[in-house]
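Asks: Turn this into a model:
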Amino acid sequence: MLIESFQNEKVKYITKLLTDNRFRKKSNLFAVEGQQENNRAQIFGFEPIEFFICESIFQQELPKGKVHLISDKVYEKIAYRGSSEGIIGVYKTKETDLFSFNPQKDSTLIVVEGVEKPGNLGAILRSCEAFGIDGLIVSDGKTDFYNPNVIRSSVGCLFGMNVFQAENGQTLEFLKKNGYEIYTTVMDENSKDLHTRDFKKRSAVIFGTEHSGLSNFWFGKGKNTLIPMAGSIDSLNLSNAVAITCYETLRQKK
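Replies: Residues are numbered from 1 along each chain as shown. Sure thing, here's the model as predicted:
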């Protein structure tokens, strides 16, 4: 049966999953829009619950499982990207535990203290996945990894990454326990350029927020490191800084 009413309970439900962080956490479910993103979610083992399909847009074989067919108008209303790809999937979230993580011998971790915008977190995830980063730790309990903007801007890279939330103290404990060299992104007279650091061994690079930089917690707990620049500006967008750092780690390992 084709769902055409905005007042349909299923439409209200999927809209709430897409827009309400608290509802996502309470239900342990999240919504994924787009063909590539849904493919990646399933490839990396996320359990699908149901799908909302607009057949006039989605020109492929219907996915296996429970499928709700929805009209063009309903899809355009609930989808972030309007009439783009015609599919929204619902999946179970996964719980992750930092201290159960077994890092690679030459593991590189990216740690960010806070990310103001979901789109920035998605861009960071995309860079981490592209350049082979072993994991991403976000030291901010308020971060919603399953925000649709995170999933969309990461192009589904979220699903194939080791991603953790942890307090600063927990992160430091894990890094010390597992023998990581810690590099803090602080600019002072003792800072050394990024390319002079050794990323062929276990290493973690710690980034602060764009607004205020690293918190005092990390001062003196790592080797201060900076990205050399030639212009008059003295800072980069957080996602750009992470991308450059990720590339440098891969360059050294290759």
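
Asks: quick one: low-confidence ranges for the stretch 101-250 of the chain?
Replies: Scanning the stretch 101-250 of the chain for pLDDT under 70 picks out the ranges 141.

Asks: Would you map the strands across it?
Replies: 108-112, 135-138, 163-165, 181-184, 192-193, 203-207, 223-226 (DSSP state E, counting those that start in this stretch).

Asks: Give me the helices and strands touching the second one, please.
Replies: Counting contacts by 3 or more Cβ pairs under 8 Å, 6 or more residues apart in numbering; DSSP states H and E, strand 135-138 packs against strand 108-112, helix 118-130, strand 163-165. (Each C-beta comes from the backbone N, C-alpha and C, glycine too.)

Asks: How about the fifth one?
Replies: Taking 3+ Cβ pairs under 8 Å, 6+ apart as the contact definition, the neighbouring helices and strands of strand 192-193 are strand 223-226.

Asks: Which strands border the strand it packs on, and is each parallel or antiparallel?
Replies: strand 181-184 (parallel), strand 192-193 (parallel) (DSSP bridges).

Asks: Mean neighbour count added to the ones you listed, as CSV?
Replies: Listed next are the strands paired with strand 223-226 as CSV, based on neighbours: other Cβ atoms under 10 Å:
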stretch, mean neighbour count
strand 181-184, 21
strand 192-193, 12
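
Asks: rewinding a little: can you put the strands of the stretch 101-250 of the chain in a markdown table and add distance to residue 74?
Replies: Output for those, formatted as a markdown table (distance: least, Cβ to Cβ, whole Å):
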| stretch | distance to residue 74 |
| --- | --- |
| strand 108-112 | 37 |
| strand 135-138 | 34 |
| strand 163-165 | 32 |
| strand 181-184 | 49 |
| strand 192-193 | 53 |
| strand 203-207 | 40 |
| strand 223-226 | 50 |
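
Asks: Nearest approach to residue 27 belongs to which of those?
Replies: With Cβ to Cβ as the criterion, residue 27 lies closest to strand 163-165 of these, at 18.4 Å.

Asks: wait, which of the strands of the stretch 101-250 of the chain is closest to residue 41?
Replies: Of all those, strand 163-165 comes closest under Cβ to Cβ, at 13.6 Å.

Asks: so who does residue 201 touch?
Replies: 106, 181 (Cβ atoms under 8 Å, 6 or more residues apart in numbering).

Asks: And it, how close does it get to residue 86?
Replies: 47 Å (Cβ to Cβ, to the nearest Å).
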